[in-house]
Structure formats: structure tokens, C-alpha cells
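Q: attaching a predicted model along with its sequence, questions to come.
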Amino acid sequence: MTPAADLANYVAQKFIKTAPPDLTALCRDLGLRIREVPANGFDGALVRSKAGQKGIVAVKASIREKSRKRFTIAHEIGHFVIPHHRNLGNICEDRKIESFDRHLNQPEIEANEFAAELLLPSALLRRRFNLAEFSLAQISAVAADFETSLTATTRSYLTLTDLPPSMLSLRLPLQHSGETGPLEPCGSQVARTAARPERLEKTEDCRAAREV
């Protein structure tokens, strides 16, 4: 587990009493307020007080998906509590949030790791997932219960399972190759992701599982 994920576990143990976590209550306990704003060019931002002990989490009001808003809030909480992020400017574009691309700068990677562990605690997932079987049905069920996206939930599953990529490719979702084109299996994407979970992007583009 990464240092950012370890910190998320510490915050959860100290402040969170429900699953999925009440992010509004957590922000209040940490000295933060959540504000939805008509933003252009970013999905989330953290505005600190001069003393750095309080702040505002600004979230783009037009984000439609609840799971995306929750991940954005958790991402900005990460920037607030990770000590060496204190002096950074934290205006986060949409491509930086809920992305596990290792080419992002280190603070954004850490904030995503923090958010993923805060919303999808590994200890709970180990009891909830059947890690011996890859199933879109169980990924979807966990995502619904934890109020997270398929992207974040699948990534969490892949970091926990010991299944080899060849086993994951046996049960794959399908994705559209175009608006009017046929459905194509996204097996190569899942197989690559199993080996490198940080490459998982836009899992929601995969639709309608086909059991093999």
C-alpha cells in the first residue's frame, strides 16, 4: 500500500463511521467546506486559508455523475491532508482526477491514491470481493454500494487480486467501436490493465458483459 493510501486509512479510522463515507461530515471535521461552482477548465480545486488549517473544496457543479463528484471531493481532501502538498496550487483538471496514469505529476497520483483508498478501503474490499473470480457483476455491485465509478472500483479489484491477466481476459465486457459499429471485446485493455492497474481509464466505456 502506498503512503497516500496509508494516510487515507488513518483518516478513515479517525473520522469516518459510515460506509460509504459521509464526505460532507469528513470535510467539516477537517475544517473544510464543499462548494459547487460553475467552473470552466477544472473539475476540482482546493482553496486554503492563510494559516492552512481550513479551506474550501470547490467542485464543478455540472459534473453529472455522483461517483465522479465524490471522487473529486476525496481527491481534494487528499491534497489538503498530505503534508507535502501544503504549498502546492491545487487546481485539478478533469484528466487528472480519477486517473491512474503514472505519467501524471506525483501530487496528482498521490491524491488519486488517497481518494481511491478512502472511498474503497482495501480491508473492506478483501471481504467483499471474490478475488478468485473476475466478474463485471460483482464490480458493478460494489461500485453501487460504495458510490464509486466502475473505473475506480475495477482498479481497486485489480490491485487486490492475484489472478493473472490471462484469467481476467476470459470474462470481459464489450465496448462500442463506434456509434453504429459492432461491439468489440476490450480484452486487450483488461489484460494490460491487470498487469499495470494505473493504465485503467474510462472503464465505463465498457458495456454489457459477455460470460465466456
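A: Cool, got the structure. Note that the structure is predicted; figures quoted are calculated from it, not measured. Residues are numbered from 1 along each chain as shown.
Q: count the residues that sit near the residue nearest to Glu108 when sequence neighbours are not counted.
A: Residue nearest to Glu108 in three dimensions, not counting chain neighbours: Lys96, with 4.6 Å by CB to CB, 6 or more residues apart in numbering. For every residue, glycine as well, the C-beta is placed using N, CA and C. Counted with other CB atoms under 10 Å, the neighbours of Lys96 add up to 20.
Q: against which helices or strands is the lengthiest helix in the chain packed?
A: When the chain is parsed with DSSP state H, its longest helix is helix 66-81. Contact partners of helix 66-81 among helices and strands, from 3 or more CB pairs under 8 Å, 6 or more residues apart in numbering; DSSP states H and E: helix 3-15, helix 23-30, strand 32-37, strand 44-48, strand 55-60, strand 90-92, helix 106-119.
Q: tell me the angle that helix makes with helix 3-15.
A: Calculated by axes from the mean of the first three to the mean of the last three CA atoms, to 10 degrees, helix 66-81 forms an angle of 100 degrees with helix 3-15.
Q: for helix 66-81, C-alpha coordinates in CSV please.
A: Extracted as CSV, the C-alpha positions of helix 66-81 are listed here (Å, rounded to 0.1, in the frame of the first residue of the first chain):
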residue,chain,number,x,y,z
LYS,A,66,-22.4,11.3,-8.2
SER,A,67,-19.5,8.9,-8.2
ARG,A,68,-17.3,11.4,-10.1
LYS,A,69,-18.2,14.2,-7.7
ARG,A,70,-17.4,12.1,-4.7
PHE,A,71,-14.0,11.1,-6.1
THR,A,72,-13.2,14.7,-6.9
ILE,A,73,-14.0,15.7,-3.3
ALA,A,74,-11.9,12.9,-1.9
HIS,A,75,-9.1,13.9,-4.3
GLU,A,76,-9.1,17.4,-3.0
ILE,A,77,-9.2,16.2,0.6
GLY,A,78,-6.1,14.2,-0.2
HIS,A,79,-4.3,17.4,-1.3
PHE,A,80,-5.4,19.0,2.0
VAL,A,81,-4.1,16.3,4.3
